[in-house]
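Visitor: Based on what follows, work out the 3D shape:
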Amino acid sequence: SLGVGGNNEYYEPIDASQLVRQEATIQITTENGMESVPVISRNIPILPNFTITVWEWKHPAQVINAYWEAQDEGRASSSSANSRRGLDPFGIVTWPGSVKASQELCRHAEEVVKDKFVVVLGAGVGAEVQTAAIMGAKRVVATDIHPATLQQLEYGVVQEQRIAASGTLVQTQFLDFSASKEEQPLPTPCDVLVVADCLYNEQLASQVCRRCAEALERNSNIRILVTDSQRLVPGFVDELNENLRAVADSSGHSFQMVKWNEETMKQFAGSGVLIDEDQTYDIQVRTLWIGL
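Guide: Model prediction:
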């Protein structure tokens, strides 16, 4: 399959050991105008012969601590776009689930990605966005609630020459999980929906369930990929299956129950999030596919 055998026409393998982290300053549009933000590259080995480079905030602790302060003050809201302080900031760094999603897209690229319309919810810095684009998707739409995160993702896409070589169109779009499908519908067309590491509270998990059901209602042949490394919502799969069963009952299609597949990701290297230094650790990551 694409990305495994080393003969993929859509990318040239990169030796991660030969890459060094680069720093840059990018201009982010905020409600207060333009702001200069220092970012730093992270080289992520997806498969032994396939590495991608994303761009993270150099000092994420500042933004994330400000978010927690705002939440403590009762001003943080996942559905408010009025203040960057109140917006979910966790997409400014890479999470294990996005790496796992990228690996899954590579392993199933011929069937799931090539020449397909891919939508990524909660795209963050865009590891899975870049992977889908390099693997030959027809179009990838990256969505997130944080406008700054989307601009950060766009910067990474522009730096990646293999995306330009693939001919894939990559677009970004603001999307609030909590909005109704009438207010903010999922981008269409959508052959593949990817949701990586967005299940870090029960409210978000319920919204992911609803959005997966929305995608299935619109396209009964859709493939949906969900990953989770935080394990904060034990009841997610039960709620997801309830939503999927409701779609099947209303449409007359057969229902197939989904369940997690768990694997240990060895030596994941990522941001310390609340500290600026990196951390390296082993972590259990859960994956499920719908329609595959």
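Visitor: Backbone torsions only: list them for the residue nearest to the spatial centre of the chain.
Guide: With distances taken as Cα atoms, centre = their mean, Ala123 lies nearest the centre of the chain, 3.3 Å away. Main-chain dihedrals, Ala123, degrees, to the nearest 10: phi -70, psi -20.
Visitor: who are the neighbours in contact with the nearest residue to it once chain neighbours are set aside?
Guide: Leaving aside its sequence neighbours, Ala123 sits nearest to Ala142 (Cβ to Cβ, 6 or more residues apart in numbering; 3.8 Å). C-beta: built from backbone N, CA, C; applies to glycine. Each residue near Ala142 by Cβ atoms under 8 Å, 6 or more residues apart in numbering is listed here: Val120, Ala123, Gly126, Val129, Leu150, Leu153, Val170, Gln171, Thr172, Gln173.
Visitor: What of Glu217?
Guide: Shown in contact with Glu217 (Cβ under 8 Å, 6+ apart): Val247, Ser250, Ser251.
Visitor: switch to 6 Å and redo it
Guide: Residues in contact with Glu217 (Cβ atoms under 6 Å, 6 or more residues apart in numbering) are Val247.
Visitor: next one: Val226
Guide: Here Val226 is in contact with Val195, Leu288 (Cβ under 6 Å, 6+ apart).
Visitor: repeat for Trp260
Guide: Contact partners of Trp260, counting by Cβ under 6 Å, 6+ apart, are Arg286, Leu288.
Visitor: Look up how far Val125 lies from it.
Guide: Per Cβ to Cβ, to the nearest Å, Trp260 is found 24 Å from Val125.
Visitor: Ser178 falls within a strand, correct?
Guide: No - under the criterion used here (DSSP: H, G, I helix; E, B strand; the rest coil), Ser178 is coil, not part of a strand.
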